[in-house]
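>>> Give the three-dimensional model of this entry:
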Amino acid sequence: MNAYTPRQRRRYGPNAVFVAGGSRLSDSSPVGVQYNRLVIVMVYDRDSGEILDAEVNMLLGNIIDYLSSFFIGKNIYTDADEMARLVQEKYLGFSQKALITAIHTTCAKAIERTGPAA
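Reported below is the predicted structural model:
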């Protein structure tokens, strides 16, 4: 088995915004044993809403990368339901429900704080 290699550090433009959201975890899930909350962090462009980077506090690096691929390139202002659908259909692991809640929490916070360009 190959060791997890962290992603390379990225540089973000002047319109980049960092947002974090989360949800409580069941103590019976592996992630819930390690962490009390499931947290999603996203970096997005304030003007376009495009998600430039994303990460989830999961235990295994390949899960982090896999889930991040559902978010990067999507629009934080308009694509919460699409991201939740991808998790529903393609992530059959522990904490699926908490992950969907965290997606909606994170996107709602971004809309509330920076909102889509009018």
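>>> Just confirm residue 54 contacts residue 21, I think it does.
No: using C-beta atoms under 8 Å, residue 54 makes no contact with residue 21, being 11.0 Å away. (Each C-beta comes from the backbone N, C-alpha and C, glycine too.)
>>> Those two: who's more crowded?
Using other C-beta atoms under 10 Å as the criterion, residue 54 and residue 21 rank with residue 54 on top: 24 against 20.
>>> I'd assumed the more buried one was in a helix, is it?
No: going by DSSP: H, G, I helix; E, B strand; the rest coil, the assignment for residue 54 is strand, not a helix.
>>> picking up where we left off before, any residues in contact with both of residue 54 and residue 21?
residue 40 (C-beta atoms under 8 Å, 6 or more residues apart in numbering).
>>> Please enumerate the helices of the chain.
Remark: helices assigned in the chain by DSSP state H are 30-34, 61-71, 80-90, 96-113.
>>> quick one, what contacts residue 43?
10, 12, 16, 17, 18, 19, 51, 52, 53, 54.
>>> residues contacting the closest residue to it other than its chain neighbours?
Take residue 43 and drop its neighbours on the chain: the residue closest to it by C-beta to C-beta, 6 or more residues apart in numbering is residue 53, 4.4 Å away. Residue 53 is in contact with 10, 12, 42, 43, 68, 72, counting by C-beta under 8 Å, 6+ apart.
>>> Kindly indicate the member of those with the most neighbours.
Most surrounded of the contacts of residue 53: other C-beta under 10 Å gives residue 42, at 26 neighbours.
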